[in-house]
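Q: what's the 3D shape of this:
(one chain, ligands or ions: 1)
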Amino acid sequence: MRVLRDQSELNQDPAVPGCVFVPTMGALHEGHAALIRRGEAVARERGGSCVVSIFVNPTQFNEKADFERYPKTLDADVALCREAGAAAVFAPSVGVMYPDERTAPIPSLPRVAVEPGLEDRFRPGHFAGVCQVVLRLFRLVRPAVAVFGEKDWQQLRGVAAMTREQGLAIEIVGHETVRDPDGLAKSSRNRFLSEQEREAALAIPRALRAAQFQSDWRQAEMLMQEELRGRVGRVEYAVIRDGISLGPIGTDMVESRALIAAWVGRTRLIDNTPWPGRN
Ligand code: PAF
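A: Next up, the predicted model:
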């Protein structure tokens, strides 16, 4: 497995053209390994290769301290990519990604990235940074398919919409959230939780599960709030939404989704599941 650092190394590598691409920010865990294995399986079906990027993107962090706190574990990440079946890792520097403003513009953001009042509201500027880095990566790597985790549901929907709106012929594939046996969604942020906080954080998957059994969306939202109250810190949202637009649920929805963002100690966690009710 090769580690590529810039555009010219990407251009010379036989794995890159038409690859299945898995963008990451490193600090890789079992959830990422599942994305890479999925990417490798899709690539194998198409006779291609899986390429993973590792780049901690400074433009998508709301706070400098959060960026600085983000774990940087390149050697372990490269080993995980190799084990999960990637053919190459693209690990660019900030200079390669953002040489000047013209090369890495912030694209116009799709409605799903600015209107729902979810991550867009609580992490202002976040999706501008995500869309900027993903578009730049897509232009450098030029994949045929890109795989994103469903855990960041609004990001997945936002990237899919941006890709369509930019007219890029890249298929966006979502991969289901990987959970620990106790139900907590795998996240690079889980390493910041104390034992007690980790226990408290289990209220989040419990609340999502409770919502599954309630077919009225208002009741489901109330149930989630009840499950979370007193167990986690500030709840930023615990809502049922149209799974594609992330707007309020309506009658012409294809799917709906229960989504939560809440603080546990100094750590902000997000999670979501499909919601089977339709009213
Ligand atoms: O989900 C992530 O890890 C990041 O937001 C992404 C998509 C790699 C962009 O930096």
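Q: Mind listing what's buried along stretch 169-178?
A: For stretch 169-178, burial by neighbour count (16 or more other Cβ atoms under 10 Å) applies to 170, 172-175, 177-178. Backbone N, C-alpha and C define where each C-beta goes, glycine included.
Q: okay, these in TSV with secondary structure next?
A: Conversion of the buried residues of stretch 169-178 to TSV gives the following (DSSP: H, G, I helix; E, B strand; the rest coil):
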residue	secondary structure
170	coil
172	strand
173	strand
174	strand
175	strand
177	coil
178	coil
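Q: Can I get the residues you listed in CSV including pLDDT and distance to the ligand?
A: Listed next are the buried residues of stretch 169-178 as CSV, based on pLDDT from 0 to 100; distance: Cβ to the nearest ligand atom, whole Å:
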residue, pLDDT, distance to the ligand
170, 98, 13
172, 98, 11
173, 98, 13
174, 98, 12
175, 98, 12
177, 98, 12
178, 97, 14
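Q: Format those residues as TSV; extra columns: distance to residue 94.
A: As requested, these are exported to TSV (distance: Cβ to Cβ, whole Å):
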residue	distance to residue 94
170	24
172	25
173	28
174	28
175	27
177	29
178	29
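Q: Give me the phi and psi angles of residue 179.
A: phi -120, psi 150 (degrees, to the nearest 10).
Q: tell me the contacts of the closest residue to it other than its chain neighbours?
A: Using Cβ to Cβ, 6 or more residues apart in numbering and skipping residues adjacent in sequence, the residue nearest residue 179 is residue 185, 5.5 Å away. Contact analysis of residue 185 by Cβ atoms under 8 Å, 6 or more residues apart in numbering lists 31, 151, 177-179, 204-205, 269, 271.
Q: of all the buried residues of stretch 169-178, which comes closest to residue 27?
A: Distance to residue 27, by Cβ to Cβ, is smallest for residue 178 among the buried residues of stretch 169-178, at 14.5 Å.
Q: Go ahead and confirm that closest one touches residue 184.
A: No - counting by Cβ atoms under 8 Å, residue 178 does not reach residue 184; the two are 10.3 Å apart.
Q: Which residues of the stretch 151-279 of the chain lie near the ligand?
A: By Cβ under 6 Å from any ligand atom, the part of the stretch 151-279 of the chain that sits against the ligand consists of 152, 155.
Q: Please, where are all the helices along the stretch 151-279 of the chain?
A: Here the stretch 151-279 of the chain has its helices, by DSSP state H, counting those that start in this stretch, at 153-165, 195-201, 203-212, 217-228.
Q: Report the angle between the third one and helix 217-228.
A: The reference is to helix 203-212. Per axes from the mean of the first three to the mean of the last three Cα atoms, to 10 degrees, the angle that helix 203-212 makes with helix 217-228 is 150 degrees.
Q: Tell me the gap between helix 203-212 and the middle of its chain.
A: 20 Å (Cα atoms, centre = their mean, to the nearest Å).
Q: Restricting the selection to alpha carbons, write it to CSV.
A: Coordinates of each C-alpha in helix 203-212 appear next as CSV, following Å, rounded to 0.1, in the frame of the first residue of the first chain:
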residue,chain,number,x,y,z
ALA,A,203,-28.7,7.5,26.8
ILE,A,204,-28.2,8.6,23.2
PRO,A,205,-28.6,5.2,21.4
ARG,A,206,-31.2,4.4,24.0
ALA,A,207,-33.2,7.5,23.1
LEU,A,208,-32.9,6.6,19.3
ARG,A,209,-34.1,3.1,20.0
ALA,A,210,-37.1,4.3,22.1
ALA,A,211,-38.1,6.6,19.2
GLN,A,212,-38.4,3.5,16.9
